[in-house]
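In: have a look; sequence and predicted model below, questions after that.
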Amino acid sequence: MFAIMKRLLSVLVLASAFVLGAPVQADEAQSIASGPQFTLPKDATSCVRDTSFMRRNHMNLLLHNRDETMHNGIRTKKESLQGCINCHVTKDEAGKAIKVSDPKHFCAACHEYAAVKLDCFECHRSTPDTPKDTANIPNIPAHANLLAHNASLLASNANSSGEAKALGTFLKGVAQ
Amino acid sequence: MNNTSLNNTSLKDVYIEKTRRDFLKKAGAGVTTLALASGVTLMAYPKPAEARNPDEAVDPSKRWGLLIDVNKCTEDCTACVTACSQENGWKLDGNPGIDAQWIRKLKIKNPKGGHEQTFPVMCQHCAKPPCVDVCPTGASFKRADGIVLVDKHICIGCRYCMMACPYKARSFVHEPLSDQKAHAPRGKGTVESCTMCVHRVDRGDQPACVEKCASDGHGALMFGDLNDPNSDIAKRIASYPTKQIRADLGLDTGVRYSNL
């Protein structure tokens, strides 16, 4: 009798665990079915090509354009990385553009989902460029240090002969 | 009475000279036309770099260059360095060993006489660039219009080009970066240097250093097409003595110096 009750109890515990766990599994299943979560631009119909093409080939467009721009100076706005970034911007609650380090970023959402490493933003910025971002750049005091460094190099070169030699030695010495 | 009239004349002359200079400064800063009255415009300097159609490739008949008048450059002015930093988004962290070296000001002194001069040094955009010769991946390259660049997509960060450059004009990015300027991508593990503001040149503007030197500095920098005999820079090089730094290396630099 006691053994039967014990078995019933364990069945009950198992069943309740299944019922409690079920919503979690359903959520996971739903998110897998619906794919990565990202925000489309307001005017999502006007991408440079249709969605199915872009899903498979956006990297080829970017690769082609990157070489054309870098080596031949061709800077068409259409199909440029800057164009993508400016249109596919996702903003946070404060209205600030979010960076690629945030999984809500348009590029990051898919790339994280598909586990494909994204190299573009090692060098390129992942948000639209605004003049405000560069307001506080100048930090020239270090330049004054460089001039002082140059002066000390000059002092050590004081015995060199002739203007040309001084310039040559000097330029060589600057980065040492 | 004579004195009064002379004074009046000289004051007027001073005024004209001042407005003329202001006008030239503005013109040098990229203003191409000046509206005199409604419907009447005065053509000023043409833009040195004509804007290409964005879908046209660079013109190999051109060779962009800079001419730096060392006599006009003063020690206390860093307008060109600041402009470059703002335009391209690099910062100095006070560590000359690893700081960006897009443009820096040098001071030279003749040890015999003690005469000192300061001037900016940046990538000299050589016609025969040693950085391109040594690059193992083809990342370091010379564009058809003479601008020497690093293609960071294929740069592996070996830094041979930094060793090869006699002007120490290149630097390496040691730390991860974010919020770069959209037109000047820079990233950890790649080499970088002055691009002669290639993004500005492509849209028909002058490099940032040249523009800032004209507006806030002393007008010591001139930009233009070395191959075009009618360009201001070519005319100046044809009529005044100019130097290339380490001309003995035979690299045929695109950056020239006068009064050095």
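Out: Received it, and whenever you're ready, just let me know what you need. Numbers count the residues shown, from 1 in each chain, chains lettered A, B, ... in the order given.

In: contact partners for residue 102?
Out: All of this is about chain A. Applying C-beta atoms under 8 Å, 6 or more residues apart in numbering or on different chains, one finds that residue A:102 lies in contact with A:92, A:108. The way it works is simple: take the backbone N, C-alpha and C, and place the C-beta from them, glycine included.

In: switch to chain B, that's the one I care about
Out: B:84, B:85, B:88, B:90, B:122, B:123, B:171, B:192, B:193, B:194.

In: per-residue pLDDT, the second one?
Out: As summarised for this prediction, residue B:85 has a pLDDT of 91.

In: now do residue B:120 against residue B:225, distance only.
Out: Taking C-beta to C-beta, to the nearest Å as the criterion, residue B:120 is separated from residue B:225 by 20 Å.

In: which one's more surrounded, these two?
Out: More neighbours surround residue B:120 than the other of residue B:120 and residue B:225, with 26 against 22 (other C-beta atoms under 10 Å in any protein chain shown).

In: in the sheet, who's paired with that one?
Out: Applying DSSP bridges to residue B:120 yields these beta-bridge partners: residue B:105.

In: surely it touches residue B:103?
Out: Yes. With contact defined as C-beta atoms under 8 Å, residue B:120 reaches residue B:103; the gap is 5.4 Å.

In: who touches both of those two?
Out: B:80, B:81, B:209.

In: in contact with the first one, which residues are there?
Out: Just to be clear, that refers to residue B:80. With contacts defined as C-beta under 8 Å, 6+ apart, the neighbours of residue B:80 are B:103, B:105, B:120, B:209, B:210, B:212, B:213, B:217, B:221.

In: remind me which residues of the chain are low pLDDT?
Out: Just so you know, I chose chain A. Within chain A, the ranges that satisfy pLDDT under 70 run A:1-33, A:43-45, A:131-176.

In: sorry, I should have been clearer: chain B.
Out: Low-confidence segments of chain B, defined by pLDDT under 70, span residues B:1-51.

In: need the helices for it, in chain order.
Out: Counting by DSSP state H, the segments of chain B that form helices are B:2-28, B:79-88, B:130-134, B:160-164, B:198-202, B:208-215, B:232-239.

In: how about the last one: buried residues?
Out: Spelled out, it's helix B:232-239. Using 16 or more other C-beta atoms under 10 Å in any protein chain shown as the burial criterion, the residues of helix B:232-239 that qualify are B:232, B:233, B:234, B:236, B:237.

In: give the buried residues for stretch A:79-87.
Out: Judged by neighbour count using 16+ other C-beta under 10 Å, the buried positions of stretch A:79-87 are A:80, A:81, A:82, A:84, A:85, A:86, A:87.
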